[in-house]
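generate coordinates for the sequence data below:
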Amino acid sequence: MSDIFDEVDEDLRADRTRQLLQRYGWLLGAAALVVIAASGAWQGWKYYQARETARVSAVYLAAMRNAEAAAQPNAPEAARSAALAGFDQVAREGAGGYRAVARLQAAALAAQAGQRDQALALWDQVAADSGADRLLRDVASLHWGLTLLDTPQLDAGLAERIAGRLKPLLDPTNPLKALADEGLGLLAMRQGNPEAAREIFKRLSQDVTAPQGVRGRANGLLAQLGG
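Residues are numbered from 1 along each chain as shown. Here you go, the predicted structure:
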């Protein structure tokens, strides 16, 4: 007798299942299509990103080769122009890291060619790029400040702007700290403040964590200042 009831119960369940499928089967099919489409879109996006990264990487490497060629004695201007064009393309189309590094490389080329304003503008762009690595932004600020130290007419306003770029780099954990401190010492000398400069260079000459070159220059400047 129990077998009969079991068979009836199974028939009822099967019948309810058929009714549910007839009523809501299209929803299950639609949901499955959505899952498949989403998975396909995600895979397509990953493929697109990988392809774009490879493309930008190739442009960057070609620009680096042209930059190396442009750095050689008597290098043709075409090599420098090609390098700048490549770095500009990477800066426009690359992700945050590639974009910042490309602009730093382009700024270095501009500075070597004596195009100071162009280099300063590129360093400014990197320093203001919130998507770039903090260290790259600090490198840009350091170059910006040190380059403007050579301004023939260094007025108080410009000196304040330079100090504003260098002082945030004095954090003890910042690998650029010693170079930024050296820049502030040179700024003090330019402003006719030998006491402040002497104090900075004395501190740098005794800083065992500072690069050897910075410590050597600090000792030389101390000798000039009578420290």
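
now the host helix or strand of residue 183, how far from the chain's geometric center?
If you go by DSSP states H and E, residue 183 is part of helix 177-190. Distance of helix 177-190 from the chain centroid (C-alpha atoms, centre = their mean, to the nearest Å) equals 24 Å.

tell me where this structure has helices.
2-70, 77-93, 96-112, 116-127, 134-148, 156-166, 177-190, 194-205, 212-225 (DSSP state H).

helices or strands next to the last one in the packing?
The reference is to helix 212-225. helix 177-190, helix 194-205 (3 or more C-beta pairs under 8 Å, 6 or more residues apart in numbering; DSSP states H and E). In this view, the C-beta of every residue, glycine as well, is placed from N, C-alpha and C.

shouldn't residue 136 be in contact with residue 102?
No. Here residue 136 does not reach residue 102: they are 10.7 Å apart, not a contact under C-beta atoms under 8 Å.

give me the more crowded residue out of these two.
residue 102 (26 against 19; other C-beta atoms under 10 Å).

model confidence for that one, exactly?
pLDDT, residue 102: 91.

I figured it hits residue 62, correct?
No. Taking contacts as C-beta under 8 Å, residue 102 lies outside contact range of residue 62: 11.7 Å.

hey, what's in contact with both of these two?
residue 86 (C-beta atoms under 8 Å, 6 or more residues apart in numbering).

now the spatially most central residue of the chain: closest residue in space, sequence neighbours ignored.
By C-alpha atoms, centre = their mean, the mean C-alpha position of the chain lies nearest to residue 132, the distance being 3.1 Å. Nearest in space to residue 132, with sequence neighbours left out and distances taken as C-beta to C-beta, 6 or more residues apart in numbering, is residue 100 at 3.6 Å.

measure the spatially closest residue to residue 105 that is not a sequence neighbour to residue 134 for me?
Once flanking residues are discounted, residue 105 sits nearest to residue 87: 5.3 Å by C-beta to C-beta, 6+ apart. Taking C-beta to C-beta, to the nearest Å as the measure, residue 87 falls 21 Å from residue 134.

so where's the protein shaky on pLDDT?
Along the chain, the model assigns pLDDT under 70 to residues 1-53, 96, 227.

domain parsing of it, as residue ranges.
For the chain, automatic domain parsing gives the domain ranges 9-132, 149-227.

reformat those as a markdown table; add distance to residue 140.
Below are the domains of the chain laid out as a markdown table (distance: least, C-beta to C-beta, whole Å):
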| stretch | distance to residue 140 |
| --- | --- |
| domain 9-132 | 4 |
| domain 149-227 | 9 |
